[in-house]
Each structure stands twice: as structure tokens, then as C-alpha cells.
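Trainee: Whatever this is, show me its structure:
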Amino acid sequence: MADYVLAIDQGTTSSRAIVFDHSGSIVSTGQLEHDQIFPKAGWVEHNPEQIWNNVREAVGLALTRGDVTHQDIAAVGITNQRETAVVWDKNTGKPVYNAIVWQDTRTQKIVDELGGDEGAEKYKAIVGLPLATYFAGPKVKWILDNVEGAREKAENGDLLFGTTDTWVLWNMTGGPDGGVHVTDVTNASRTMLMDLDTLSWREDIAADMGIPMSMLPEIKSSSEVYGKGRERGMVPGVPIAGILGDQQAATFGQACFEVGQAKNTYGTGNFMLINTGTEKVMSENGLLTTLCYKIGDNDAVYALEGSIAVTGSLVQWLRDNLGLFEDAPDVEWLAGKVEDNGGAYFVPAFSGLFAPYWRSDARGALVGLTRFVNRNHIARAALESTAFQTREVLDAMNADSGVDLKELRVDGGMVANELLMQFQADQLGVDVVRPKVAETTALGAAYAAGIAVGFWSGEQDVIDNWAEGKRWSPSMDEGERERLYRNWKKAVTKTMDWVDDDVEQ
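Mentor: Model (predicted):
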């Protein structure tokens, strides 16, 4: 009897492999960062071959550190950075271009042309998403339009497209030699190409984007056996049985199975999801309608999502681009040396503004500066921007769902930051709760895979395993809370209308 489930978390900055036991506890991990490639302003790329190599090495590290072999693994689950588009040759297994990352804004002109007179809402009633550079479909069109020979190859049936879950799964199951070309409903719902009602590709929208249907992976549920690890691979013969986009995986790992339960993940960006049940809810307030999960043959469960492009990556930017500190956790130490932001507000619209504004013409701004402001205030303003952006999304969620959230479950790397978590509770006016196992994204993928093969019996096992780690309650004066938020809203207006005809997008 296999004692463990392996999760592969192919994220924006790194690829991780984590071995979990039946209680949902971490046994061992392996992790490798990959290069962030910035060819031009607004362009963000990854090397898919480097990602695949890192995934293999991370799995090897996790198995070795846990003294575990593939025979001890009941199933493998995959979770991934969503919207990031990979296009590769199915005969050679070689990508035709780097992966275009979800943060990349190069497709703005394509998005504008697709919208035409109907604008950003053109496909929203079908796919739940506004036309925006964020999503995968327009990225595929850009590759076919701009890489020499790519369109001809695609029309001949030689090219495949996938988000990084599909790229990893295809390689794990054989690559050019019988690799399985599949994605799940959660990732498919982020391409702008899937009908939310039928859970199938829309041929008419793919035609609008000039994407041959032969490129698209088969859409499956989030929890079923898609294939088995190839014989000469890291997990030969082991069922690969779960796929969830990273934010949906975190929602699953946080046991948000009831309508109205929500989680917020603090990673490269921030992503808040609220479970809306088996009925899709269309947003009137700048949120996305998306798939939450689908377990085997059960009905699909939907969610409303508020996506924030830049939160943790702002801390990385302060470290790498400005040299404000050497290690990311030092931002909390700096911010803690001052009592407030000194009047400074940092709006990190590096990739435009995502929810609830959807303004691709916005760019980052640091405002309210005086001679009084020092690097400690800037560090604090950076952390506070994460909390302010989250409040904007929560306000939209409360308005759309008609239910005021009672508490917010949180996860991701930044939840180790106590100063931020307290300020978040103060800004939201509700308790913020961190689970004992903060790696909920990988855990959610592990649960989906384990449920598919009977390692766990179902959602109740996930609920039983979830445990509260720490809780923060609001303590800020209401007047101060609202004053800070009012100034934040003012700062946001200073970022808009920056990109125009004189600025290359």
C-alpha cells in the first residue's frame, strides 16, 4: 500500500515537489527557481525546457529527502501558474518560443482588435473573463503571428498548446512518445476559449483568435487518472490523477467547499476566490467568473475571483531592482521600524491594474512623498499595498455575492509576515486565519489526485485534515482605517492613463 501522494507545484518563480502523508502533513520537499526573462518593458517569459528540467530535479530531491521511492507514491497531482502559455512541436517536444507569462502585457493590441466595437466584455457572458492581456488565448495568437513558421506548423497539426500543467503532464507521460495532451476545467477556464456552461472549447472564439482546434488539449475534470508516469521517468507507472490551477488548488486545500467560503493566496500576485456553488455568478464589480473545481463525474463548482497582479513580486522588485534589502523577509523588519507609512502609498501597477479595475493603461506609482519618507516607510507602503488591494477585491466580492465575508482564510509565502497579516485584518474588519499547513496550493493538488485513486475518500477528509494555525483580529480605529483606505483610492487614480500612443506597450 502506497503511503504518500506527490504534488508538483509549477509556479511563477519556482517549481516545487512536495510529498504529503495521509494527514496532509509535509514529508519532504524539493524546489528550484527558474529564470525570469524580460526582453522588453511589459514582456515576461519563462524557458519551458528549464521548467521541465527543474520539475524533474525537484521531484528527485523530494523523493530522496523523504527516503521515498515511486513505489510509495499512490498518485501525483499537478498545480500550476495559470494563463502562462506554452506552444511546442509535438514531434520534437521542443517549444517554438519561450512561455509567455500571465503577467505579460504584449498582447494589448491583439486584445483591442479582438474587442473591436464590443470592447472588453465581448466574450464575458460565455467565458466569464474580460478581454485582457492576462489570459492565455491572445498569447497563443501572438506566438502564431510572430514566430516564423509557427502558424504553418499549427495549421498542419504539428503544434500543441498548453498552460504549464499540460506541458508538465505531456512530458511526464511520454512527451513525443505518447504524451497525454490534457488540461483540467480550472486551467481551461483561464484561456478565454472555454464555455463555462458546457466546459468545452468554443470553436468560434478560437477561430477569432486564429488558433487551430488541433492545438488545444482535451479538457478533463480536476480529479481523475489522466495517464501514468513514463517508464524511464521519475515516477514510472504512478497515476497522474489531479490537476488544479494554483488558485483553485489553494481553495481546495483550504477546504472552501461551502458556498460563501473564501481564501486569499499571497504569492507573486494575490488571488481571492469565493465558492459560489454549482451555479455560475457573473460579476458586476470587476471580478472573474471561473471554475473552482470538478471532482470526477460530480457537478462542476464555480467561483468568483479577484486577481491582483503584483504583491509578493513587489517585495522581490524592492530587493532585486532597488537593492533595498538582501532577503525578502527583511521587508517586515524594515517596515516594523516605523509606526505608519509616513504618507507614502505604493501602487504596483507594473502589469496594469487587475481586479477590480482592469486597466492595462496603468503603471506603478509611489506617491505622497515628502523629505520625511525613508526606506522604512517605502517598505511599509509596499506591504500595505497588498492589504489595500485585497480590500478592494473583498468589497467587490461582498457586493457581487450579497454576503459579507465573516473571515478570510489565507495562504502563500507572504502569510509568514505578521505585520502584513495584522494590517490586513485591520483593513478588512474581519478575522484573518492562517492554516497549520500553509502550502495549501500543493496540498490541494495532492488531495485532488489522492481522491481520484481512493487514497482519500473525498472532501470530508480534506475538511477533517484542515487545522487553524493562527488568527489575527482587527484592532485599528475605524476612522484611521477609512482615512488610510481613502488615500489609497486616491493614489490608485494617479496610475491610470499612463500608457498612450507614445509609450510602447
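Trainee: Figure out the helix or strand that Val432 lives in.
Mentor: Assignment of secondary structure by DSSP states H and E places Val432 within strand 431-435.
Trainee: ok, which stretches of the stretch 101-250 of the chain are strands?
Mentor: The residue ranges that make up the strands of the stretch 101-250 of the chain, judged by DSSP state E, counting those that start in this stretch, are 159-162, 182-184, 194-195, 200-201, 218-220, 223-228, 239-245.
Trainee: Redo those strands as JSON lines? Include mean neighbour count, distance to Leu383 and mean pLDDT.
Mentor: Where you see a C-beta, it was placed from the backbone N, CA and C, and this is true even at glycine. As requested, the strands of the stretch 101-250 of the chain are arranged in JSON lines below (neighbours: other CB atoms under 10 Å; distance: least, CB to CB, whole Å; pLDDT from 0 to 100):
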{"stretch": "strand 159-162", "mean neighbour count": "26", "distance to Leu383": "35", "mean pLDDT": "96"}
{"stretch": "strand 182-184", "mean neighbour count": "27", "distance to Leu383": "34", "mean pLDDT": "97"}
{"stretch": "strand 194-195", "mean neighbour count": "22", "distance to Leu383": "36", "mean pLDDT": "96"}
{"stretch": "strand 200-201", "mean neighbour count": "16", "distance to Leu383": "41", "mean pLDDT": "97"}
{"stretch": "strand 218-220", "mean neighbour count": "17", "distance to Leu383": "39", "mean pLDDT": "97"}
{"stretch": "strand 223-228", "mean neighbour count": "21", "distance to Leu383": "36", "mean pLDDT": "96"}
{"stretch": "strand 239-245", "mean neighbour count": "29", "distance to Leu383": "26", "mean pLDDT": "96"}
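Trainee: Would you format those strands as TSV with distance to Ala99 included?
Mentor: TSV is the format used below for these (distance: least, CB to CB, whole Å):
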stretch	distance to Ala99
strand 159-162	10
strand 182-184	15
strand 194-195	20
strand 200-201	21
strand 218-220	20
strand 223-228	21
strand 239-245	15
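Trainee: how about the helices in the stretch 201-350 of the chain?
Mentor: 203-208, 246-253, 312-320, 330-335 (DSSP state H, counting those that start in this stretch).
Trainee: Run through the neighbouring helices and strands of the second one.
Mentor: If you count contacts as 3 or more CB pairs under 8 Å, 6 or more residues apart in numbering; DSSP states H and E, helix 246-253 packs onto strand 73-80, strand 262-266, strand 270-277, strand 288-293, strand 301-308, helix 440-452.
Trainee: Quick check: next helix or strand after the longest one?
Mentor: For helix 440-452, the succeeding helix or strand toward the C-terminus, using DSSP H and E, is helix 459-465.
Trainee: Show me which positions of the strand holding Val432 end up buried.
Mentor: Val432, Val433, Arg434, Pro435 (16 or more other CB atoms under 10 Å).
Trainee: circling back: can you tell which of the strands of the stretch 101-250 of the chain is closest to Val55?
Mentor: strand 239-245 (12.2 Å; CB to CB).
Trainee: how much does that closest one deviate in direction from strand 288-293?
Mentor: Computed by axes from the mean of the first three to the mean of the last three CA atoms, to 10 degrees, the angle separating strand 239-245 from strand 288-293 equals 160 degrees.
Trainee: Can you list the neighbours in contact with stretch 329-346?
Mentor: Contacts made with stretch 329-346 from outside it, assessed by CB atoms under 8 Å, 6 or more residues apart in numbering, are listed as 314-315, 318-319, 324-325, 364-370, 372-385, 416-420, 484, 487-488, 490-491.
Trainee: Tell me the pLDDT of Cys324.
Mentor: Not quite, residue 324 is Leu, not Cys. Predicted confidence (pLDDT) at Leu324: the value is 87.
Trainee: burial of it, as a residue count?
Mentor: By the other CB atoms under 10 Å criterion, the neighbourhood of Leu324 contains 18 residues.
Trainee: is it true that it touches Ala379?
Mentor: Yes - under the contact definition of CB atoms under 8 Å, Leu324 touches Ala379, with a separation of 6.6 Å.
Trainee: Common neighbours of the two, please.
Mentor: Overlap between the contact sets of Leu324 and Ala379, as judged by CB under 8 Å, 6+ apart, is given by Leu318, Val331, Leu334.
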